[in-house]
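Enquirer: the amino acid sequence is not available; the structure is as follows:
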């Protein structure tokens, strides 16, 4: 099971739209999906060290936006 997850993460890290995958995972992890984007971020930073700050910024911004969505979900669910 872990081997499949590892290979899947490697495939996403080498995908042409890897930054979008990173943003999607960071967003989902912050709001409702319990799988962290850190392995994907780590692999992307190892593959392209000069873009590491950019990748970290993308993950941070997407995570904050996902956190805001999670907060909104919690606030609405609490009032209901």
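Expert: Structure received. Values in this document were obtained by computation on a predicted structure and should not be read as measured data.

Enquirer: go ahead and name everything in contact with stretch 50-68.
Expert: Here stretch 50-68 makes contact (Cβ atoms under 8 Å, 6 or more residues apart in numbering) with 19, 22-24, 26-31, 37, 41, 44-45, 48. Where you see a C-beta, it was placed from the backbone N, CA and C, and this is true even at glycine.

Enquirer: buried subset of those?
Expert: 19, 22-24, 26-31, 37, 41, 44-45 (16 or more other Cβ atoms under 10 Å).

Enquirer: which pair in the contacts of stretch 50-68 spans the largest distance?
Expert: Using Cβ to Cβ, the contacts of stretch 50-68 span at most 27.1 Å, a distance reached by 31 and 48.

Enquirer: now the lengthiest helix in the chain: average pLDDT?
Expert: Assignment by DSSP state H gives helix 52-79 as the longest helix of the chain. The average pLDDT for helix 52-79 rounds to 92.

Enquirer: begin at 457, not 1, for the rest of this chat.
Expert: Got it, the first residue is 457 from now on, which makes the last one we talked about helix 508-535.

Enquirer: just how off-centre is it within its chain?
Expert: Centre-to-centre, helix 508-535 and its host chain are 10 Å apart (Cα atoms, centre = their mean, to the nearest Å).

Enquirer: equivalent analysis for stretch 462-477, please.
Expert: Worked out by Cα atoms, centre = their mean, stretch 462-477 lies 11 Å from the chain centre.

Enquirer: in that stretch, which residues are buried?
Expert: 465, 468, 469, 474, 475, 477.

Enquirer: nearest to residue 526 among these?
Expert: Of those, the one sitting nearest to residue 526 (Cβ to Cβ) turns out to be residue 477, at 19.7 Å.

Enquirer: any idea how far that closest one is from residue 492?
Expert: Distance check for residue 477 against residue 492: by Cβ to Cβ, to the nearest Å, it reads 13 Å.
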